[in-house]
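A.B. asks: model this:
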Amino acid sequence: MSRFDYFVVFAEMRTGSNFLEANINAFDGLQCHGEAFNPHFIGYPNTDDILGVRLGLRQADPEVLIDAIKEQSDGLGGFRFFNDHDQRVLDVVLPDPRCAKIILTRNPVESYVSWKIAQATGQWKLTNVKHAKSEKVSFEPAEFETHLAALQAFQVRLLNALQRSGQTAFYVAYEDLQDVDIMNGLAAFLECDDRLEHLDKKLKKQNPAPMSDKVSNFDDMAQSLARMDRFNLARTPNFEPRRGPAVPTYIACAQSPLLYMPLKSGPELAVQNWMAAIDQVDPADLKQGFTQKTLRQWKRKNTGHRSFAVLRHPLVRAHAAFCDRILSTDKGSFTEIRETLRREFKLPYAKGKIGDGYDTARHQEAFLGFLRFLKANLAGQTSIRVDANWASQASILSGMSEFVAPDFIMREETLERDCQILGDMVGLPNLPKPDFETDPHLHALESIHNDDLDAAIRDVYQRDFMMFGFDDWRA
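C.D. replies: Got it, this is the predicted structure:
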């Protein structure tokens, strides 16, 4: 019994997919049905149906066509699929091990220029070189980057889907299309017994000239490509574990349509007090303990609602996390992590607060040690969890957006102004002002602040500094 019921060729425009399809169809026992899920036509331009399935039926239910290809093709059936085709199809074919995956790739600069030439000449296929059309085109950097980003995102999606489901694909490069042995290898992958002695010769290469003869601004193109960070050398490494949306931590006003999405170790108490003051209730009366279901219900009930989060400067936030969770021994502190940091990272702290055998010099030394721990912790180099109290704010917001992204991201240093803006959003222009003091540990941080701390915090939270434009604290 064959391991495959059907196949899909993942490709893009101007990658040689027509030529690949012609050779697949040359095998006895294989049948490729073109761009079966192109949103603008079915299979090929000017065709009405595939195996009796018309465009309207396919648009209503793409699985009807998939079933027809599996059951009615002449041999093993399949189709070509591009990144802008019906995305519902991916949910069906990617996790299906009975669907053979063929991935065709081409140098994206070549495919982009070929696409531009085809647009300019109107010639998308060539079967007779006497009818060949050619035209120089202009390389547009922004357009190419958009083209490249779409290709890369699609390839990553394919790769990750195959990895997660334990599947593999047959990879074909544009240059491989002229190799009959590779085409026969593809047939073997599809468990087809037929073999080709030569390739289909009907389709001709359309633009065989050097790139310099096809692009009118070739020098500009070379400079633009040189500026692109192909190997992503400028990226900020991120080894933090992915975080979930943390819906149970969200807090809503008692009556007003405002939802707070807290970033731990931020000005949480001040914000909650402000939310309680809006409706003149006690902070205990705020709505908490949401599930995704109850949060959806709250959103439906509170038309015009707005959700918000509050960013805190990374240095202030790390210091608050250190004071509340590590230095403190009160309820909510991390006793075991505290002991591990004392033992493994040699943090010089004692129980109690500054002034009780624990002066500012020791506090500064201990906090610097904590920042060294955070750098290793966020890089995945320690056995201690990356706790939400010191995880990067970028990663927390990313996790939240898997369920719902905040409508408004406020900043602690401009909290009073931002709260008024938020009030205007929901038709509450005269909201009370938030508490002026949002961080009880601010004076302790001011007493130890220096250039070493600024450098250390930038090293730990490079991504937050880059994503949110933070400057040195008190700069």
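A.B. asks: For this structure, which segments count as strands?
C.D. replies: For the chain, applying DSSP state E gives strands covering 6-10, 30-32, 49-50, 53-54, 76-81, 99-105, 170-173, 251-252, 258-260, 306-311, 408-411.
A.B. asks: Tabulate those strands (TSV), appending mean pLDDT, mean neighbour count and distance to residue 118.
C.D. replies: For every residue, glycine as well, the C-beta is placed using N, CA and C. Formatted as TSV, those follow (pLDDT from 0 to 100; neighbours: other CB atoms under 10 Å; distance: least, CB to CB, whole Å):
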stretch	mean pLDDT	mean neighbour count	distance to residue 118
strand 6-10	98	25	19
strand 30-32	98	22	21
strand 49-50	96	19	24
strand 53-54	96	18	28
strand 76-81	97	25	16
strand 99-105	96	21	17
strand 170-173	95	17	20
strand 251-252	98	20	54
strand 258-260	98	24	49
strand 306-311	97	21	46
strand 408-411	97	17	43
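A.B. asks: Can I get the ones you listed in CSV including distance to residue 323?
C.D. replies: As requested, the strands of the chain are exported to CSV (distance: least, CB to CB, whole Å):
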stretch, distance to residue 323
strand 6-10, 52
strand 30-32, 65
strand 49-50, 66
strand 53-54, 65
strand 76-81, 54
strand 99-105, 52
strand 170-173, 53
strand 251-252, 22
strand 258-260, 22
strand 306-311, 18
strand 408-411, 21
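A.B. asks: and residue 426, which of those strands is closest to it?
C.D. replies: Ranking the strands of the chain by proximity to residue 426 (CB to CB) places strand 306-311 first, at 5.3 Å.
A.B. asks: residue ranges with poor pLDDT in the stretch 251-400 of the chain?
C.D. replies: 349-357 (pLDDT under 70).
A.B. asks: Equivalent analysis for the stretch 1-150 of the chain, please.
C.D. replies: Checking the stretch 1-150 of the chain against pLDDT under 70 turns up 123-132.
A.B. asks: ranges for the helices of it?
C.D. replies: Ranges of helices within the stretch 1-150 of the chain are 17-24, 55-60, 62-72, 88-93, 108-121, 141-165, based on DSSP state H, counting those that start in this stretch.
A.B. asks: residues contacting the residue lying closest to residue 345 once chain neighbours are set aside?
C.D. replies: Spatially, and ignoring its direct neighbours in sequence, residue 345 is nearest to residue 373 (5.0 Å; CB to CB, 6 or more residues apart in numbering). By CB atoms under 8 Å, 6 or more residues apart in numbering, the contact set of residue 373 is 341, 345, 347, 382, 384.
A.B. asks: quick one on the thing from earlier: tell me which of the helices of the stretch 1-150 of the chain approaches residue 184 most closely.
C.D. replies: helix 17-24 (9.8 Å).
A.B. asks: For the closest one, buried residues please.
C.D. replies: Residues of helix 17-24 classed as buried by neighbour count (16 or more other CB atoms under 10 Å): 17, 18, 19, 20, 21, 22, 23, 24.
A.B. asks: partner residues bridging the closest residue to residue 404 other than its chain neighbours?
C.D. replies: Excluding the flanking residues, the one nearest residue 404 by CB to CB, 6+ apart is residue 307, at 6.5 Å. Beta-bridge pairing for residue 307 (DSSP bridges): residue 259.
A.B. asks: same check, this time on the one 4 residues further on
C.D. replies: The residues paired with residue 311 through beta bridges, assigned by DSSP bridges, are residue 411.
A.B. asks: Show the contacting residues for it.
C.D. replies: Residue 311 neighbours (CB under 8 Å, 6+ apart): 263, 266, 393, 409, 410, 411, 412, 468.
A.B. asks: Make TSV out of those and add distance to residue 86.
C.D. replies: Listed next are the contacts of residue 311 as TSV, based on distance: CB to CB, whole Å:
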residue	distance to residue 86
263	38
266	42
393	37
409	34
410	40
411	42
412	45
468	37
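A.B. asks: The residue nearest to residue 404 contacts residue 403, correct?
C.D. replies: No: look at residue 307 against residue 403 with CB atoms under 8 Å: they stay out of range, at 10.7 Å.
A.B. asks: Can you report how many residues lie near residue 150?
C.D. replies: 15 (other CB atoms under 10 Å).
A.B. asks: Sorry, wrong one. I was asking about residue 40.
C.D. replies: 9.
A.B. asks: got a list of what it touches?
C.D. replies: No contacts exist for residue 40 under CB under 8 Å, 6+ apart.
A.B. asks: what about 10 Å?
C.D. replies: Neighbour list for residue 40: 55, 84, 85 [criterion: CB atoms under 10 Å, 6 or more residues apart in numbering].
A.B. asks: Nearest to residue 270 among the buried residues of helix 17-24?
C.D. replies: For the buried residues of helix 17-24, the nearest to residue 270 is residue 17 (58.1 Å; CB to CB).
A.B. asks: I figured that closest one hits residue 104, correct?
C.D. replies: Yes: counting by CB atoms under 10 Å, residue 104 is a contact partner of residue 17 at 5.8 Å.
A.B. asks: one step back: go through the strands of the chain and name the closest to residue 337.
C.D. replies: Residue 337 lies closest, by CB to CB, to one member of these: strand 306-311, at 24.4 Å.
A.B. asks: ok so, going back, need the buried residues of helix 17-24 in TSV with distance to residue 146, can you?
C.D. replies: Below are those laid out as TSV (distance: CB to CB, whole Å):
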residue	distance to residue 146
17	21
18	24
19	26
20	25
21	27
22	30
23	31
24	30
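A.B. asks: Once you drop chain neighbours, what's closest to residue 420?
C.D. replies: Spatial nearest neighbour of residue 420, excluding adjacent residues (CB to CB, 6+ apart): residue 431 at 6.5 Å.
A.B. asks: quick revisit: looking at the contacts of residue 40, which is nearest residue 151?
C.D. replies: Looking across those and measuring by CB to CB, the closest to residue 151 is residue 84, at 10.8 Å.
A.B. asks: number of nearby residues for residue 422?
C.D. replies: With other CB under 10 Å as criterion, residue 422 counts 18.
A.B. asks: and if you look at residue 165?
C.D. replies: When neighbours are counted by other CB under 10 Å, residue 165 comes out with 11.
A.B. asks: What confidence value was assigned to it?
C.D. replies: Looking at residue 165, its pLDDT is 95.
A.B. asks: Next up, the contacts around it.
C.D. replies: Residue 165 touches 94, 95, 96, 97, counting by CB under 10 Å, 6+ apart.
A.B. asks: Next one: the last one from residue 103, what distance?
C.D. replies: In other words, residue 97. Distance, residue 97 to residue 103, using CB to CB, to the nearest Å: 16 Å.
A.B. asks: and what of the second one?
C.D. replies: Between residue 95 and residue 103 the computed distance is 16 Å (CB to CB).
A.B. asks: Lovely, talk soon.
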